[in-house]
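Give me the fold of what follows.
(one chain, ligands or ions: 1)
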Amino acid sequence: MPFNVFVTRHLTSDAEEKLNAFCQAEFWHKETPPPYEVLLEKTKKVDGLICLLTDPIDRHLIQEAENLKVISQVAVGVDNIDLEAASDRGIPVGHTPDLLTDATADLTFALILAAARRLGEAVDYAREGRWQTWGLTTLLGEDVHGAALGIIGMGRIGRAVARRARGFDMQILYHSRSRALEIEGELGAVYLPLPELLKQSDILTLHVPLTEETEGLIGTSQFERMKPHAILINTARGAVVDTDALVTALKRGQIGYAGLDVTDPEPLPPDHALYTLPNALILPHIGSATRTARNNIALLAVDNLIAGLQGQPLPKAVQ
Ligand code: NAP
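Numbering: from 1, shown residues only. From the prediction side, this is the model:
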């Protein structure tokens, strides 16, 4: 009997080919996630699950999935999965670090540049016919070169962003759970306690996972410490930032600009206050969205799944 697997969305054709050659896979056919009841029903019967960050893999679902041998997430962040519940049942959880690090760091830098130089507003200005002449003080932004970049979470993506920042002669400051001594040596990065980092950064970029400790890490009291022209970049997870506090800080000019690839809630509803603010640039969670990165992480998710089904250690296990 081949293994039965449920996949909560279509993968790339390479990854689907590899998966289909190994097991009996059922793919959720829509672009939007399966409703929770469907996910629950499908997962009850299968040996393996490939899921995305939009799928709530909670304790109830894990307990009901009697045959489940492995959970393989196509993403590095796993805040949608109850890891404790999986561990209680001895089910390994796979994820896809490393292969999306550079794509996400590139997108982070795109957001830094776009927010600092107000690219969203400038594109609208030209497209809407407001471009009458060259204006000395038209659409002024902030310098990226030479700015103080504050990185929160000096892990894989934080480091990749720091290396890119070196090319822009930025001063690299950071706060993280543990010191990154090799990055301090390699790039002259300076470790600071969070309150000091907030005070000194011109551009603050978030690269922590979403956990109980990091939820709401940036809120009202953190915005109060930041520079009035400061730019907040978030390509980590939306809930690391208190969204209401962000809207207030942007409206009051407590900070200058926000560039967000991730939001809370997600997707951000079309009538959300953030869209009405000229100093907020919002992307629909496309951090790792390059053809190469997405194909590679889909293939790695399949490798994790196959290893789990065979009772082997996963190539990239969360726990
Ligand atoms: P990582 O290598 O695990 O880096 C996370 C860093 O955050 C680590 O250095 C970690 O410290 C630090 N950290 C954890 N908890 C902290 C806390 N409470 N306070 C301060 N620092 C803390 O992960 P990564 O691969 O860089 O990915 C980071 C996150 O980016 C992912 O979890 C995911 O949510 C997000 N992401 C988003 C996209 C997107 O499409 N926008 C794409 C990829 C990833 P230690 O070194 O002590 O562990």
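
Can you show me the strands along this structure?
For the chain, the strands defined by DSSP state E occupy 4-7, 24-27, 48-51, 70-73, 93-94, 148-152, 171-175, 190-191, 203-206, 231-234, 257-260, 280-282.

show me the contacts for residue 238.
260, 262-266 (Cβ atoms under 8 Å, 6 or more residues apart in numbering). Every residue, glycine included, has its C-beta placed from N, CA and C.

run the last query once more with 7 Å
262-264, 266 (Cβ atoms under 7 Å, 6 or more residues apart in numbering).

Looking at those residues, which two lie furthest apart in space?
The largest distance within these, taken as Cβ to Cβ, falls between 262 and 264 and amounts to 7.8 Å.

In the chain, which residue sits nearest the ligand?
residue 155 (1.7 Å; Cβ to the nearest ligand atom).

one step back: more crowded one of residue 262 and residue 264?
Set residue 262 next to residue 264 and count neighbours by other Cβ atoms under 10 Å: residue 262 wins out with 24 against 19.

need the contact list for the residue nearest the centre of the chain.
When Cα atoms, centre = their mean is applied to the chain, the residue found nearest the centroid is residue 236 (3.6 Å). Residues near residue 236 by Cβ under 7 Å, 6+ apart: 153, 206-208, 210, 262.

before we move on, the earlier item: neighbours of the nearest residue to the residue of the chain closest to the ligand once chain neighbours are set aside, how many?
Excluding the flanking residues, the one nearest residue 155 by Cβ to Cβ, 6 or more residues apart in numbering is residue 207, at 6.2 Å. For residue 207, the number of neighbouring residues by other Cβ under 10 Å comes to 26.

list the contacts for residue 207?
The neighbours of residue 207, taking Cβ under 7 Å, 6+ apart as the test, are 151-153, 155, 157-158, 161, 236.

Among these, which one has the most neighbours?
residue 151 (30 neighbours).

Could you give the bridge partners of it?
residue 174, residue 205 (DSSP bridges).

wait, isn't it in contact with residue 158?
Yes. Under the criterion of Cβ atoms under 7 Å, residue 151 makes contact with residue 158 at 4.8 Å.

Now the common contact residues for those two.
By Cβ under 7 Å, 6+ apart, the residues touching both residue 151 and residue 158 are 174, 207.

Show me which positions of stretch 243-257 end up buried.
Using 16 or more other Cβ atoms under 10 Å as the test for burial, stretch 243-257 gives 243, 245-247, 249-250, 254-257.

May I have stretch 132-145 as CSV, with CA atoms only?
Below are the C-alpha coordinates for stretch 132-145, written out as CSV (Å, rounded to 0.1, in the frame of the first residue of the first chain):
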residue,chain,number,x,y,z
GLN,A,132,4.6,68.6,-14.2
THR,A,133,8.3,69.4,-13.9
TRP,A,134,11.5,68.5,-12.0
GLY,A,135,11.0,69.8,-8.5
LEU,A,136,13.8,70.5,-6.1
THR,A,137,11.8,69.4,-3.1
THR,A,138,9.5,66.9,-4.8
LEU,A,139,9.1,63.4,-3.2
LEU,A,140,12.1,63.8,-0.9
GLY,A,141,13.0,60.6,0.9
GLU,A,142,15.8,59.4,3.2
ASP,A,143,19.3,58.3,2.4
VAL,A,144,19.9,54.6,2.6
HIS,A,145,23.7,54.8,2.1
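
residues making contact with it?
Under Cβ under 7 Å, 6+ apart, the answer for stretch 132-145 is 112-113, 116-118, 121-122, 125, 168-169, 202, 229, 231, 256.

Can I get the residues you listed in JSON lines including pLDDT and distance to residue 40?
Compiled in JSON lines, the contacts of stretch 132-145 are given as follows (pLDDT from 0 to 100; distance: Cβ to Cβ, whole Å):
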{"residue": "112", "pLDDT": "98", "distance to residue 40": "40"}
{"residue": "113", "pLDDT": "98", "distance to residue 40": "43"}
{"residue": "116", "pLDDT": "98", "distance to residue 40": "45"}
{"residue": "117", "pLDDT": "98", "distance to residue 40": "46"}
{"residue": "118", "pLDDT": "98", "distance to residue 40": "45"}
{"residue": "121", "pLDDT": "97", "distance to residue 40": "44"}
{"residue": "122", "pLDDT": "98", "distance to residue 40": "47"}
{"residue": "125", "pLDDT": "98", "distance to residue 40": "48"}
{"residue": "168", "pLDDT": "98", "distance to residue 40": "48"}
{"residue": "169", "pLDDT": "98", "distance to residue 40": "52"}
{"residue": "202", "pLDDT": "99", "distance to residue 40": "47"}
{"residue": "229", "pLDDT": "98", "distance to residue 40": "48"}
{"residue": "231", "pLDDT": "99", "distance to residue 40": "42"}
{"residue": "256", "pLDDT": "98", "distance to residue 40": "45"}
